[in-house]
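Asker: need a structure here:
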Amino acid sequence: MEKTQPAASDLKRLPIPRGPVNLARQAVLRVANVGLTAAYGAYRMHPAIWRFTAKHYHPRLEPFAKLNAWMICQQASLDVPAYQDYLARTGFTFRWWDLESYTPTSKDEFVRRYSEEHRCWGGRIERIGTVVDESSGSSGTPFNWMRSKRELDTVHKNVAGYVTMLFGNADLFCINAFSMGAWATGTNTGLAMAKVAMVKNTGPDLDKIIDTMRHFGPGHTYLVSAYPPFLKHLADRLDAESGAWADYRINGFVGGEAMTEGLRDYLEKRFDRVYSGYGASDLTIGMAGESDLSVVIRRALAHDLDFRARVLGSDESRIPMVFQYNPLETYLETTAEGELVVTINSAAVMSPRLRYNIGDEATLIDFPTMVELTRAHPELARQCSRAFSGNGMKLPFVLLFGRSDSTISYMGANIYPLDIENGLYRDNSQAHLIESFRIELREVADFEERPTLHIQLRDEAPHMSEAEREQLARAIRQGVLDHLCSVSRDFAQSMQEDPTTAQIQIEIHPHATGPFAEANAKIKNVYLVRS
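Answerer: Numbering: from 1, shown residues only. All right, here's what the predicted structure looks like:
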């Protein structure tokens, strides 16, 4: 059952347990934190410094990154009222240098329980220059994520450093086709790109993008940032006018959902290169990103079963996204269950993210270990060497499987099992025939991905003709779409901007068949079909 956030008046009266604090320890930590902040400020001065760090990162820097994460958590335990209270309630005991001693936070256990002010340094919001992003949760109630001017400046410089490492900055013209409005990635991508490129924020509007490129001509290196399905629509539109675009240099940068290698191959027939980035409204954009090397490794995981077994284990059939990340900026850990825990290593983050469990399933592998794993496969090792010579990033890898809570990401919006369940029974006169459901993100024709809802009929349901099945499928599709639009502003905006968002597939299965053949012995429902 979803937890309810206390009323604002209760939060204002929240007793913050202070307890005796060792003043000498506190003074040492404050001085050290000032020094680290100054060092990080110099490191973040220019995208070129980010690129230098990415090319020369070594695992020996890992303890320093972890130390910084520990100091951010410790400083927050002194200066962030909500975190003080949270640690007191979870039985925290101070231990020098022990990051694991700090209780992980999460949206349910931390964000819902405390007000925005209490989650900020000193319990105060820096109002001037602060931007509020929005994301929708499973209840349909929007979550608001505040980012201060200093924090945004850091994020934008990091993204700019990464983008220029991949695409250079000579004549770079970014066309930002992400949804705009309150969603974090749209607005921040445009601001970040403006540090190193000319930018036009078109949103997902094919006509505007085509008109823009025609107007400015082929004398630029174009970078189109968008959701994967929209970039595919743009490629199809360009292909329909094939002769007109032969002299254009066009690259793609995608986010908001995973991209298959089949779609990448399709897109790169029209675009020079296409890369994916990883971020989250809860945390920050640009937490991690693909490189030439990570793409080669992901392709090998998809096609080389021996290599996949060496990296992920013999029982793993899923193909994760493969990103590289900078632990000096974002310190990552995984839980015993394989869930990603994130600490943003910056005191500039007004509402600090402290060992935050985002709910994504992942595996972490450092750079030297990945090199060793590829050496047992000589041809792959040669491909990796060629790919590495392009970007030269020595950063560690995060292999991302996606949400661990049966949520799927689609067109920049999260779709939760609760949303599907509500939609199934919305104005559906045949809802009594439904036993259960499962969600799958499936690759369909032309390398696009669409949500597929598998519906299991009850054992006692009468036999249905093809026409009756189609009628039930239409009712389910409409109910789910109506509910998603009513509870998720992200999804409703995607529906407005791209009508193909509505192409949700419905498959009706007799009782205990298809993906439900082995499911009925379980006590709890399983909502996600693993591809």
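
Asker: every contact and neighbour count from this point should use C-alpha atoms.
Answerer: Noted.

Asker: so which bits of the one helix or strand His233 maps to are buried?
Answerer: If you go by DSSP states H and E, His233 is part of helix 228-240. By neighbour count with 16 or more other CA atoms under 10 Å, helix 228-240 contains the buried residues 228-236, 238.

Asker: from these, which is closest to Ala517?
Answerer: Proximity of those to Ala517 (CA to CA) peaks at Pro229, which lies at 31.6 Å.

Asker: correct me if wrong: the closest one contacts Tyr410.
Answerer: No: contact criterion CA atoms under 8 Å: Pro229 and Tyr410 do not qualify, at 9.2 Å.

Asker: in the stretch 401-531 of the chain, which spans are strands?
Answerer: Under the criterion DSSP state E, counting those that start in this stretch, the stretch 401-531 of the chain contains strands at 408-410, 413-415, 434-443, 449-457, 505-509.

Asker: just put those in a markdown table and tack on distance to Val274, mean neighbour count and mean pLDDT.
Answerer: Putting these into a markdown table (distance: least, CA to CA, whole Å; neighbours: other CA atoms under 10 Å; pLDDT from 0 to 100) gives the following:
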| stretch | distance to Val274 | mean neighbour count | mean pLDDT |
| --- | --- | --- | --- |
| strand 408-410 | 18 | 19 | 80 |
| strand 413-415 | 21 | 22 | 77 |
| strand 434-443 | 18 | 20 | 84 |
| strand 449-457 | 17 | 22 | 89 |
| strand 505-509 | 27 | 18 | 93 |
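
Asker: could those go into JSON lines alongside distance to Ala160?
Answerer: Conversion of the strands of the stretch 401-531 of the chain to JSON lines gives the following (distance: least, CA to CA, whole Å):
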{"stretch": "strand 408-410", "distance to Ala160": "25"}
{"stretch": "strand 413-415", "distance to Ala160": "24"}
{"stretch": "strand 434-443", "distance to Ala160": "31"}
{"stretch": "strand 449-457", "distance to Ala160": "29"}
{"stretch": "strand 505-509", "distance to Ala160": "38"}
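
Asker: out of those strands, nearest to Pro378?
Answerer: Short answer: strand 434-443, nearest of the strands of the stretch 401-531 of the chain by CA to CA, at 30.9 Å.

Asker: show me what the closest one is packed against.
Answerer: strand 449-457 (3 or more CA pairs under 8 Å, 6 or more residues apart in numbering; DSSP states H and E).

Asker: direction included, what does the strand it packs on pair against?
Answerer: strand 434-443 (antiparallel), strand 505-509 (parallel) (DSSP bridges).

Asker: and the helix or strand hosting His215, average pLDDT?
Answerer: Assigned by DSSP H and E, His215 falls within helix 206-216. Averaging pLDDT along helix 206-216 gives 94.

Asker: tell me what the following helix or strand past that helix is packed against?
Answerer: Downstream of helix 206-216, the next assigned helix or strand under DSSP H and E is strand 221-226. Contacts defined by 3+ CA pairs under 8 Å, 6+ apart place strand 221-226 against strand 172-176, strand 249-254.

Asker: coming back round to it: by how many degrees do the helix holding His215 and strand 221-226 diverge?
Answerer: 170 degrees (axes from the mean of the first three to the mean of the last three CA atoms, to 10 degrees).

Asker: per-residue pLDDT, Gln26?
Answerer: 67.

Asker: could you do Glu2 as well?
Answerer: So Glu2 comes in at 40 (pLDDT).

Asker: coming back round to it: can I get the strands paired with strand 449-457 in a markdown table with distance to Gln478?
Answerer: As requested, the strands paired with strand 449-457 are exported to a markdown table (distance: least, CA to CA, whole Å):
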| stretch | distance to Gln478 |
| --- | --- |
| strand 434-443 | 16 |
| strand 505-509 | 11 |
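
Asker: looking at those, which is nearest to Arg474?
Answerer: Short answer: strand 505-509, nearest of the strands paired with strand 449-457 by CA to CA, at 8.2 Å.

Asker: look up how far Met370 lies from the residue nearest the centre of the chain.
Answerer: With distances taken as CA atoms, centre = their mean, the residue of the chain nearest its centroid is Gly279 (3.8 Å). Note on Gly279: its distance to Met370, by CA to CA, to the nearest Å, is 22 Å.

Asker: residue ranges with poor pLDDT in this protein?
Answerer: 1-47, 136-141, 181-185, 242, 404-406, 418, 487, 519-531 (pLDDT under 70).

Asker: can you give me the helices in the stretch 1-150 of the chain?
Answerer: Ranges of helices in the stretch 1-150 of the chain, per DSSP state H, counting those that start in this stretch, are 8-12, 23-43, 47-56, 62-79, 81-89, 149-167.

Asker: for the residue lying closest to Arg458 once chain neighbours are set aside, list the residues it contacts.
Answerer: Counting by CA to CA, 6 or more residues apart in numbering, Glu435 is the residue found nearest to Arg458 once chain neighbours are left out, at 4.7 Å. Residues in contact with Glu435 (CA atoms under 8 Å, 6 or more residues apart in numbering) are 455-458, 511.

Asker: now these as a markdown table including distance to Asn68?
Answerer: A markdown table is the format used below for the contacts of Glu435 (distance: CA to CA, whole Å):
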| residue | distance to Asn68 |
| --- | --- |
| Ile455 | 48 |
| Gln456 | 50 |
| Leu457 | 53 |
| Arg458 | 55 |
| His511 | 54 |
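
Asker: which of the helices and strands packed on strand 221-226 sits closest to Asp211?
Answerer: strand 172-176 (11.5 Å).

Asker: only C-alpha atoms, please: export the closest one in CSV.
Answerer: Taking C-alpha atoms only, strand 172-176 is exported to CSV below (Å, rounded to 0.1, in the frame of the first residue of the first chain):
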residue,chain,number,x,y,z
LEU,A,172,27.5,21.9,-33.3
PHE,A,173,23.8,22.8,-33.6
CYS,A,174,21.5,21.0,-31.1
ILE,A,175,17.8,20.6,-31.9
ASN,A,176,16.1,19.7,-28.7
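
Asker: what is the neighbour count of Thr212?
Answerer: Neighbourhood size, Thr212 [other CA atoms under 10 Å]: 14.

Asker: repeat that for Tyr227.
Answerer: Neighbours around Tyr227, by other CA under 10 Å: 24.

Asker: how near is it to Met411?
Answerer: 6 Å.

Asker: overlap in contacts, those two.
Answerer: Common neighbours of Tyr227 and Met411 (CA under 8 Å, 6+ apart) are 256-257.
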